[in-house]
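In: One predicted model, sequence on top.
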Amino acid sequence: MLESSADITVMLEAIRNDQPGAGDRLLDAIHSSLRAIAVGQCARENADHSLNATALVNEAYIKVLGGENVDFESRRHLYGAFARAMQEALIDAARRRNTKKRGGDRDRVPMDAISPPAAMRFAEPVELGRVLPELQEADPRAAEVVRFKCFLDLGTEEIASILGTTPRTVQRDWQYAKAFLRKAFADEHLGEVQ
């Protein structure tokens, strides 16, 4: 279960005020949620993937909270950053796996043949990562919904809570995103969104 908005806001304020250990306290508070999300993501990956759940959480943490100028406005902003960081980590891992230097010329099994996330299928995280910027430009909130569903494996209610909107709005955004991605994948012959 995701943490309350008030708790996260207090911890984010402590980070903004450079309180010692504030980032660690925030990670402790959200670690179980992030770990559960990462376990789900890693279970959907090919058997030869290079990331385990701990590595995915650690990479996301370094990308999100490891740098300087950590400044998040809200829980939505924070979880959005973690969704993007996990997306980038999974895409980077897929790219590494696909290079010839690391045996990328081996037969690959599409992700939809393994266990698709939240009723969405796509051939590889790399392809989804290539199309998401187009969706981001067309409808930023719909792109956030895709990231939350596909890379954090969150449900409609949780996404609505993070985005500060209604579950019905999230469902409409998801329907729009699926149509957008279906068209983009058909145009590029990349995969299928169901």
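Out: Ah, there it is. Residues are numbered from 1 along each chain as shown.

In: Which positions within the helix or strand where residue 181 lies qualify as buried?
Out: Assessed by DSSP states H and E, residue 181 sits inside helix 167-188. By neighbour count on 16 or more other CB atoms under 10 Å, the buried set for helix 167-188 is 169-170, 173-174, 176-178, 180-181, 184-185. For glycine as for every other residue, the C-beta is placed from the backbone atoms N, C-alpha and C.

In: Could you single out the nearest of the residues you listed to residue 82?
Out: Nearest to residue 82 out of the buried residues of helix 167-188 is residue 170 (CB to CB; 17.8 Å).

In: need the contact list for that closest one.
Out: Residues near residue 170 by CB atoms under 8 Å, 6 or more residues apart in numbering: 145, 156, 159-160, 163.

In: cool, residue 142 as well?
Out: 135, 173-174, 176-177, 180.

In: Taking these together, which two end up most distant?
Out: Checking the contacts of residue 142 with CB to CB, the most distant pair is 135 and 174, at 11.6 Å.

In: Overlap of the contact sets of the two?
Out: 142, 146.

In: now the helices: where do they sit in the chain?
Out: Counting by DSSP state H, the chain has helices at residues 5-16, 22-44, 53-65, 75-98, 125-138, 140-151, 156-163, 167-188.

In: Highest mean neighbour count out of these?
Out: Most buried of the helices of the chain, by mean neighbour count (mean count of other CB atoms under 10 Å): helix 140-151, with a mean of 24.

In: How far away from the center of its chain is that one?
Out: Mean C-alpha position of helix 140-151 versus that of the full chain (CA atoms, centre = their mean, to the nearest Å) differs by 8 Å.

In: How about stretch 140-153?
Out: 7 Å.

In: follow-up on the earlier one: JSON lines please, covering the helices of the chain and showing mean pLDDT.
Out: As requested, the helices of the chain are exported to JSON lines (pLDDT from 0 to 100):
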{"stretch": "helix 5-16", "mean pLDDT": "80"}
{"stretch": "helix 22-44", "mean pLDDT": "79"}
{"stretch": "helix 53-65", "mean pLDDT": "82"}
{"stretch": "helix 75-98", "mean pLDDT": "81"}
{"stretch": "helix 125-138", "mean pLDDT": "84"}
{"stretch": "helix 140-151", "mean pLDDT": "90"}
{"stretch": "helix 156-163", "mean pLDDT": "91"}
{"stretch": "helix 167-188", "mean pLDDT": "86"}
